[in-house]
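1. here is a sequence with its predicted model. Questions after.
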Amino acid sequence: MSLPTPSLPTARLRLRPFEDTDADDLFALHGNARVLRYWDSPPWTEPARAEKFVTRCRQMAQEGSGARLAVQRVSDGAFLGWCGLNSWSPDYRSASVGYCYNEASWGHGYATEAARALLQWAFDTLDLNRVQSETDTRNVASARVLEKLGFVREGTLREDCVVNGEVSDSWVYGLLRREWQPL
């Protein structure tokens, strides 16, 4: 069952399917060690990784396992990053949400604004009951985004990742349909 990747407008952003022309911006984003300092995978060193990422986004939609969207600022068309929904299970009415943004976009509320639009689409379209997310316990900014969206910290996965050679913990967050508060 395929899952059409939506285009979602917000006041300041446009969330849209990835295009081949996004490869350079994706490589710059995922090649930045500071952006990926809390990820369990190293920064990209080969531009071909960006093309594979775009291909994988399309495969997710075709398989019906999720939707990953490029996030653009409306005012100037700048690529800011992406947000996505993966591990969608129609049987369990659940999915996971994630995001990644360039440094220039940090602290402006873009991650919250984009995720809110994606979550609204997901709850309306996919009949979700639960959305989950995980973040490194040191990534306070990401935890703040999730909490602004109404996610509840449900627990800690102890030493579940190795980030830059260092064992790290993750917080698990959950958001239930009955708790969802769209603006």
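-> Great, that's in hand.
2. isn't residue 117 right up against residue 12?
-> No - using C-beta atoms under 8 Å as the test, residue 117 is too far from residue 12 to be in contact (10.6 Å). Yep, even glycine has a C-beta here, placed from its N, CA and C like the rest.
3. now the closest residue to residue 125 other than its chain neighbours, what's its secondary structure?
-> Leaving aside its chain neighbours, residue 125 sits nearest to residue 6 (7.6 Å; criterion: C-beta to C-beta, 6 or more residues apart in numbering). Here residue 6 takes the coil state, with states given by DSSP: H, G, I helix; E, B strand; the rest coil.
4. mind pulling up the pLDDT for residue 6?
-> Here the pLDDT value assigned to residue 6 is 90.
5. count of neighbours near it?
-> Counted with other C-beta atoms under 10 Å, residues neighbouring residue 6 total 16.
6. do the same with residue 77
-> When counting by other C-beta under 10 Å, one arrives at 8 neighbours for residue 77.
7. local confidence estimate at it?
-> Value for residue 77, per-residue pLDDT: 96.
8. also the one 4 residues further on?
-> Note for residue 81: predicted pLDDT of 98.
9. do the one 5 residues further on as well
-> According to the predicted model, the pLDDT of residue 86 comes to 92.
10. mind listing what the residue nearest to residue 125 touches?
-> 15, 67, 69, 121, 125 (C-beta atoms under 8 Å, 6 or more residues apart in numbering).
11. how about residue 78?
-> Residues in contact with residue 78 (C-beta under 8 Å, 6+ apart) are residue 72.
12. partners of the residue nearest to residue 130 when sequence neighbours are not counted in the sheet?
-> Spatially, and ignoring its direct neighbours in sequence, residue 130 is nearest to residue 94 (4.4 Å; C-beta to C-beta, 6+ apart). Using DSSP bridges, the bridge partners assigned to residue 94 are residue 89, residue 130.
13. how about the strands in this structure?
-> Ranges of strands in the chain, per DSSP state E, are 8-9, 13-17, 67-73, 79-89, 94-101, 130-136, 152-163, 166-176.
14. may I see the buried residues of stretch 124-132?
-> 126, 128, 131 (16 or more other C-beta atoms under 10 Å).
15. in TSV: these, plus distance to residue 108 and pLDDT.
-> As requested, the buried residues of stretch 124-132 are exported to TSV (distance: C-beta to C-beta, whole Å; pLDDT from 0 to 100):
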residue	distance to residue 108	pLDDT
126	28	90
128	27	93
131	23	98
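16. nearest to residue 56 among those?
-> Of all the buried residues of stretch 124-132, residue 56 sits closest to residue 126, with 19.6 Å by C-beta to C-beta.
17. contacting residues around that closest one?
-> So residue 126 contacts 3, 85, 88, 90, 93, 95 (C-beta under 8 Å, 6+ apart).
18. from residue 82, how far out is it?
-> Distance, residue 126 to residue 82, by C-beta to C-beta, to the nearest Å: 18 Å.
19. good, we can wrap up now.
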